[in-house]
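Colleague: Any chance you can model this:
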Amino acid sequence: MYEPRVYRHWVTSEDLVSFNVTVKETDLHIRATTNLRSKAYKLALKYRAALEKYIAQHPPFLSSLVPLPVDENAPLIVQAMARAAERAGVGPMAAVAGAIAEFIGNELLAFSPEVIIENGGDIYLKSLRPRVIGIYAGTSPLTGKIGLEIAAEDTPLGVCTSSGTVGHSLSFGKADAVTTLAKSATLADAAATAIANTIEQPADIPGGIALAQKIDGLAGVLIIKDAEMGIWGDLRICATSANVS
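Modeller: Predicted structure coming up:
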């Protein structure tokens, strides 16, 4: 069942052109300086085809909940997902949404100096000006109240969110939102999943922070469970409202 992407407009980008690209389960909301929908659609087909072909030849890649080795001849997106999964201690498909956003975003930079791609709550961001990303945490009272300030010089950047109470992605925890930052959206996605798996109640937040600190390459994390919040790393929190656009 389709779940409305109510958080899709929670990134400040009124100066950019917005468009959507959908290929099977891949549902992208993209913002750039011009409408690059045709190019983005072809890239989505390209990377999905690479993943689907690899999975057909290596079925455990799709279902494994632990890291898996891949050979050096595997597609680059597969290799990136495997590396991220190894760092975070999760299965490689935990990084798929961030990986698709990152790989498409990197290629679109040849046609637009600014690109924002949101894929199921996972964001690849390259900007020439500061942006604010609003935090969507389901029924938590903190939803729509806070955001992350992203400086232009910190991009490209991956900002990925995992939740045990929002959406259909697999999570073994009950976090309302675990948002991670990393230079790689692929790594940020895998890390968000790993940390969210550990959050059952507010008392688990310190343990989630401790795990984040051990993941090589992770720049920061924001964890929300009910009305409680924990923060670690290079994050700038700001007050915001649910109509960030």
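Colleague: quick one: the strands in this protein?
Modeller: 17-23, 26-32, 115-119, 122-126, 131-134, 146-150, 157-162, 177-182, 218-225, 228-233, 237-239 (DSSP state E).
Colleague: what lines up beside the longest one in the sheet?
Modeller: Strand 218-225 pairs in its sheet with strand 177-182 (antiparallel), strand 228-233 (antiparallel), by DSSP bridges.
Colleague: Quick check: which of those is buried the most?
Modeller: A comparison of the strands paired with strand 218-225 by mean neighbour count, using mean count of other Cβ atoms under 10 Å, puts strand 177-182 on top with a mean of 29. C-beta here means a position set from N, CA and C on the backbone, and glycine is covered the same way.
Colleague: Show me what the nearest residue to residue 16 once chain neighbours are set aside bridges to in the sheet.
Modeller: Nearest residue to residue 16, sequence neighbours excluded (Cβ to Cβ, 6 or more residues apart in numbering): residue 31, at 4.0 Å. Following DSSP bridges, residue 31 is listed with bridge partners residue 18, residue 116.
Colleague: and residue 31, how far is that from residue 95?
Modeller: With the distance defined as Cβ to Cβ, to the nearest Å, residue 31 ends up 22 Å from residue 95.
Colleague: Looking at these two, which one has more neighbours?
Modeller: For residue 31 and residue 95, the more surrounded residue by other Cβ atoms under 10 Å is residue 95, and the numbers stand at 32 against 22.
Colleague: what about residue 240, neighbour count?
Modeller: 19.
Colleague: Quick check: pLDDT value at the closest residue to it other than its chain neighbours.
Modeller: Nearest non-adjacent residue to residue 240, counting by Cβ to Cβ, 6+ apart: residue 147, 3.7 Å away. In this model, residue 147 is scored at 91, pLDDT.
Colleague: and if you look at residue 135?
Modeller: On the pLDDT scale, residue 135 gets 89.
Colleague: What is the neighbour count of it?
Modeller: 25.
Colleague: do residue 128 as well
Modeller: 12.
Colleague: list the contacts for it?
Modeller: With contact taken as Cβ atoms under 8 Å, 6 or more residues apart in numbering, residue 128 is in contact with 113, 114, 152.
Colleague: how much space between it and residue 56?
Modeller: 40 Å.
Colleague: likewise residue 209?
Modeller: Residue 209 is 39 Å from residue 56, by Cβ to Cβ.
Colleague: Please say which of these two ends up with more neighbours.
Modeller: Set residue 209 next to residue 56 and count neighbours by other Cβ under 10 Å: residue 209 wins out with 17 against 10.
Colleague: out of everything not next to it in sequence, what's closest to the more buried one?
Modeller: Spatial nearest neighbour of residue 209, chain neighbours left out: residue 232 (4.7 Å); criterion: Cβ to Cβ, 6+ apart.
Colleague: And residue 55, by the same measure?
Modeller: residue 62 (4.8 Å).
Colleague: Next: residue 228.
Modeller: Spatial nearest neighbour of residue 228, chain neighbours left out: residue 202 (3.8 Å); criterion: Cβ to Cβ, 6+ apart.
Colleague: Check the protein for its longest helix and report it.
Modeller: The residue-count maximum for a helix in the chain (DSSP state H) belongs to helix 37-57.
Colleague: what separates that helix from the chain centre, distance-wise?
Modeller: Remark: helix 37-57 is offset 18 Å from the chain centroid, using Cα atoms, centre = their mean, to the nearest Å.
Colleague: about what we covered before: okay, the residue nearest to residue 240 and residue 237: tell me how far apart.
Modeller: 7 Å.
Colleague: now residue 152
Modeller: Counting by Cβ to Cβ, the gap from residue 152 to residue 237 is 18 Å.
Colleague: likewise residue 35?
Modeller: 33 Å.
Colleague: got it, and residue 74?
Modeller: Going from residue 74 to residue 237 by Cβ to Cβ gives 38 Å.
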